[in-house]
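Engineer: Give me a 3D structure for the following:
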Amino acid sequence: MATGVSRVIYRCEEAMETQQLDLSDCQLVHVAEAIYHLMRHTEVKSVNLSGNVITKISPKFVLKFNLITQLNLSHNQIANLPNEMVDLMLLTNLNISNNSFVDIPSCVFRIPNLQELLASNNRITDVDGESLKAAVSLESIDLTNNPLSRKCREELEQMKNIEITSSSKEEEDWEDLNV
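Structural biologist: Now for the predicted structure:
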């Protein structure tokens with residue numbers, strides 16, 4: 001435990017110089033109050049929380065790190081994001097890959113300057129096409145290795161203003177049944 005805490009402190013001190021907070025692989029279950037305290041006088045531009053066991057991002061995270069342009073939440077156990085994410089006015093890159101999402105939270109599509117969304121290796125079966133169309137700054141979205149429904153795949157193929165990457169899917173025998 002002590003080594004994990006000292007690693008977090010070291011990385012927070014490092015971020016005071018680089019403006020890039022890298023807390024990847026620190027066995028975090030959430031962003032602790034102490035991290036906000038350590039970083040209170042630092043203008044952080046990017047945050048990497050990948051490779052932890054985080055299940056939830058708090059609205060306080062958005063408030064404290066509202067100047068970030070990049071956020072990596074990959075390889076955690078997150079299934080949803082707070083609506084306050086829309087307040088990340090400078091965020092251009094968001095990585096939510098390898099988590100527990102069954103859909104893309106609607107707040108993601110409303111992040112004003114989001115250009116790239118990485119959402120591979122989740123449990124996403126459907127994407128809200130209208131919300132996706134309304135995300136005018138979004139240039140690319142990676143949905144590889146998600147169990148997207150046939151209807152969703154067909155809808156995504158119609159989108160021309162955004163680069164969408166997804167895995168090709170072999171139709172399962174049961175999917176062809178008209179019940």
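Engineer: So in this protein, which helix runs the longest?
Structural biologist: For the chain, the longest helix by residue count, based on DSSP state H, is helix 2-18.
Engineer: now it, how far from the chain's geometric center?
Structural biologist: Distance of helix 2-18 from the chain centroid (C-alpha atoms, centre = their mean, to the nearest Å) equals 22 Å.
Engineer: Residues in contact with that helix: which ones?
Structural biologist: Contact with helix 2-18 is made by 21-23, 26-28, 32, 34-35, 38-39, 41-42, 44, as judged by C-beta atoms under 8 Å, 6 or more residues apart in numbering. Backbone N, C-alpha and C define where each C-beta goes, glycine included.
Engineer: Can you give me every residue that contacts the spatially most central residue of the chain?
Structural biologist: Against the mean C-alpha coordinate of the chain, by C-alpha atoms, centre = their mean, the closest residue is I96 at 2.9 Å. By C-beta under 8 Å, 6+ apart, the contact set of I96 is 73-74, 78, 81, 104, 108, 117-119, 122.
Engineer: What backbone torsions are found at it?
Structural biologist: Main-chain torsions, I96, degrees, to the nearest 10: phi -120, psi 20.
Engineer: go on, the one 4 residues further on?
Structural biologist: Backbone dihedrals for S100, given as degrees, to the nearest 10, come out at phi -120, psi 30.
Engineer: Now, the contacts of I96 that are in helices?
Structural biologist: Mapping these onto helices (DSSP H) picks out V108.
Engineer: Is it possible to get TSV of the contacts of I96 that adds distance to A135?
Structural biologist: As requested, the contacts of I96 are arranged in TSV below (distance: C-beta to C-beta, whole Å):
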residue	distance to A135
L73	18
S74	20
I78	20
L81	14
I104	10
V108	8
L117	9
L118	14
A119	13
N122	18
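Engineer: circling back to that earlier point, using TSV, please lay out the contacts of helix 2-18 together with secondary structure.
Structural biologist: Shown next, in TSV, are the contacts of helix 2-18 (DSSP: H, G, I helix; E, B strand; the rest coil):
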residue	secondary structure
L21	strand
D22	strand
L23	coil
C26	coil
Q27	coil
L28	coil
A32	coil
A34	helix
I35	helix
L38	helix
M39	coil
H41	coil
T42	coil
V44	coil
